[in-house]
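Enquirer: After the sequence you'll find the predicted model.
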Amino acid sequence: MTTTTTLTIRRPDDWHTHLRDKDVLVGVAPYTARQFARAIVMPNLSPPMTDVAGVAAYRDRILAALPAGSDFNPLMTLYLTDSTDTAEVERGFAEGVFIAAKLYPAHATTGSAHGVTDIRNIYPVLEVMQRIGMPLLIHGEVTDSHVDIFDREAVFIDRTLTRLVADMPELRIVFEHITTEEAAQFVQGAGPNVAATITPQHLHINRNAMLVGGIRPHAFCLPVAKREKHRLALRKLATSNCERVFLGTDTAPHAKHLKETACGCAGIFNAPFALESYVTVFDEEGALDRFEAFASLNGPAFYRMPVNESTITLEKAPVEVPEVLDCNGTLIVPFHAGETLAWRLA
Ligand SMILES: NC(=O)N[C@@H](CC(=O)O)C(=O)O
Ligand SMILES: [Zn+2]
Ligand SMILES: [Zn+2]
């Protein structure tokens, strides 16, 4: 008789998700809702979600896009710009419409054209957020054209983040989708108000995945995957039991034809097999006992929310990832396309 290795944990949440809008939203939201109880939904739509009414209406569109009977809870965020109004931030947070605000340095990534041009422009907003305990979520890369794209996260730590944390020690910050050893060290050494999310792709791939044997647009996301030593540092941090580090997939769907082109979009669609992908890493690292904290406990603790009561079970059995998925009419290539993962959602 053979026995299957299984892992039962509290139902996880995804603390960094792009659900998009309209037809694509209907195509991709069920993948996230199938795996996660809640997700922090990013506001980088076109146009971006910059006010209370817009965010509330977007939340309704997400709920309408879910399969019948789904109890998935989208946690909404506000997109910060140079002209964000402090009163709007305070009102939306007090009303529970959004639970965090997102800082995109202008032109750092997909959908960031309306982002912040200089962090000092939003210091009044950040002071309000610090006072009311509202988390600031950061895409942490500088956009200076003189800085090499592989250094943009590390330079952001030196030029912006270190100063911000010193200026606003009580501000609750999530350093999103970290990709470097420098970021891992920064988070590990930070106080209780600084947390980080880590994506599955940055635990699985280094920059060779993008460039060896031909250019591979489906391995391209921002911040871009770095060299191997950074991937190893992230795997160490994710499995280290640091309670300020948690799951955030950064699932970022783009149509296949918009990635397979001369100027392809940044973003990896990892929602369909996200838990399978993460748990494989924890298994490889001999850290299955630490997976529940990363996936289901640390995020709620940082966001000051209850943990989920229900559970999910993962089992060590192969699952094949399709080459492409038809997401309500849009073809999208998932992370791990064509591979067989060693774990599946039971
Ligand atoms: N991660 C990405 O490469 N892309 C994200 C934006 C982001 O999270 O930076 C997207 O919205 O497509
Ligand atoms: Zn980002
Ligand atoms: Zn993102």
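Expert: Received it, and whenever you're ready, just let me know what you need. Ligands and ions are numbered 1, 2, ... in the order given.
Enquirer: Where does the chain get nearest to ligand 2, residue-wise?
Expert: Residue nearest to ligand 2 within the chain: H139 (3.6 Å; CB to the ion). The way it works is simple: take the backbone N, C-alpha and C, and place the C-beta from them, glycine included.
Enquirer: May I ask you to confirm that that residue is in contact with H107?
Expert: No. At 10.9 Å, H139 does not count as touching H107 under the criterion of CB atoms under 8 Å.
Enquirer: dump the residue contacts of the residue of the chain closest to ligand 2.
Expert: With contact taken as CB atoms under 8 Å, 6 or more residues apart in numbering, H139 is in contact with K102, L103, Y104, P105, A108, T109, S112, E176, H177, L222.
Enquirer: tell me which of the residues you listed is nearest to E284?
Expert: Proximity of the contacts of H139 to E284 (CB to CB) peaks at H177, which lies at 20.5 Å.
Enquirer: helix/strand/coil for that closest one?
Expert: coil (DSSP: H, G, I helix; E, B strand; the rest coil).
Enquirer: Make sure it is actually in contact with L247.
Expert: No. With contacts counted by CB under 8 Å, H177 stays clear of L247, the gap being 11.2 Å.
Enquirer: can you list the residues of the chain near ligand 1?
Expert: Proximity of the chain to ligand 1 (CB under 6 Å from any ligand atom) is limited to residues H18, N44, T109, T110, G111, H139, C221, L222, D250, A252, A266, G267.
Enquirer: Present those as a markdown table; the columns should include pLDDT, distance to T6 and secondary structure.
Expert: Below are the residues of the chain next to ligand 1 laid out as a markdown table (pLDDT from 0 to 100; distance: CB to CB, whole Å; DSSP: H, G, I helix; E, B strand; the rest coil):
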| residue | pLDDT | distance to T6 | secondary structure |
| --- | --- | --- | --- |
| H18 | 98 | 30 | coil |
| N44 | 98 | 37 | coil |
| T109 | 93 | 37 | coil |
| T110 | 91 | 37 | coil |
| G111 | 94 | 39 | coil |
| H139 | 98 | 36 | coil |
| C221 | 98 | 31 | coil |
| L222 | 98 | 35 | coil |
| D250 | 98 | 27 | coil |
| A252 | 98 | 30 | coil |
| A266 | 98 | 36 | coil |
| G267 | 98 | 32 | coil |
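Enquirer: among these, which ones are buried?
Expert: H18, N44, T109, T110, G111, H139, C221, L222, D250, A252, A266, G267 (16 or more other CB atoms under 10 Å).
Enquirer: didn't the second one look like it was pressed against R20?
Expert: No. Taking contacts as CB under 8 Å, N44 lies outside contact range of R20: 9.6 Å.
Enquirer: Count the neighbours of V224 for me.
Expert: Burial measure for V224: 17 neighbouring residues, criterion other CB atoms under 10 Å.
Enquirer: ugh, wrong one, I meant A68
Expert: Using other CB under 10 Å, the number of residues around A68 comes to 4.
Enquirer: Columns distance to I119 on top of the contacts of H139, output as CSV?
Expert: CSV is the format used below for these (distance: CB to CB, whole Å):
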residue, distance to I119
K102, 13
L103, 7
Y104, 11
P105, 8
A108, 12
T109, 16
S112, 14
E176, 15
H177, 18
L222, 19
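Enquirer: Only whichever of those are buried, select them in PyMOL.
Expert: Buried residues within the contacts of H139, by 16+ other CB under 10 Å, are selected in PyMOL with:
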select buried, resi 102+103+104+105+108+109+112+176+177+222
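Enquirer: ok, back up a step: relative to R91, which of the buried ones among the residues of the chain next to ligand 1 is nearest.
Expert: So of these, ranked by how close each gets to R91 (CB to CB), first place is N44, at 21.6 Å.
Enquirer: how much space between that closest one and E292?
Expert: Distance, N44 to E292, by CB to CB, to the nearest Å: 30 Å.
Enquirer: residues contacting T17?
Expert: T32, F36, A39, I40, V41, M42, G248, T249, D250, T251, A271.
Enquirer: make it 6 Å
Expert: Contact analysis of T17 by CB atoms under 6 Å, 6 or more residues apart in numbering lists T32, A39, V41, T251.
Enquirer: So the first one belongs to a strand, correct?
Expert: Looking back up the chat, that one is T32. No. Judged by three-state DSSP, T32 forms no part of a strand; its state is helix.
Enquirer: Quick check: which ranges of the stretch 201-346 of the chain have low pLDDT?
Expert: Residues of the stretch 201-346 of the chain meeting the criterion pLDDT under 70: none.
Enquirer: same thing with the stretch 1-150 of the chain?
Expert: 1-2.
Enquirer: repeat that for 80
Expert: 1-3 (pLDDT under 80).
Enquirer: Now do the strands in it.
Expert: Here the stretch 1-150 of the chain has its strands, by DSSP state E, counting those that start in this stretch, at 6-10, 14-17, 38-41, 73-79, 100-103, 136-138.
Enquirer: most tightly surrounded among these?
Expert: Neighbour counts averaged per stretch over the strands of the stretch 1-150 of the chain are highest for strand 14-17, at a mean of 27; criterion: mean count of other CB atoms under 10 Å.
Enquirer: Just confirm yes or no for that one near ligand 2.
Expert: No. Counting by CB under 5 Å from the ion, ligand 2 is not contacted by strand 14-17; separation bottoms out at 7.9 Å.
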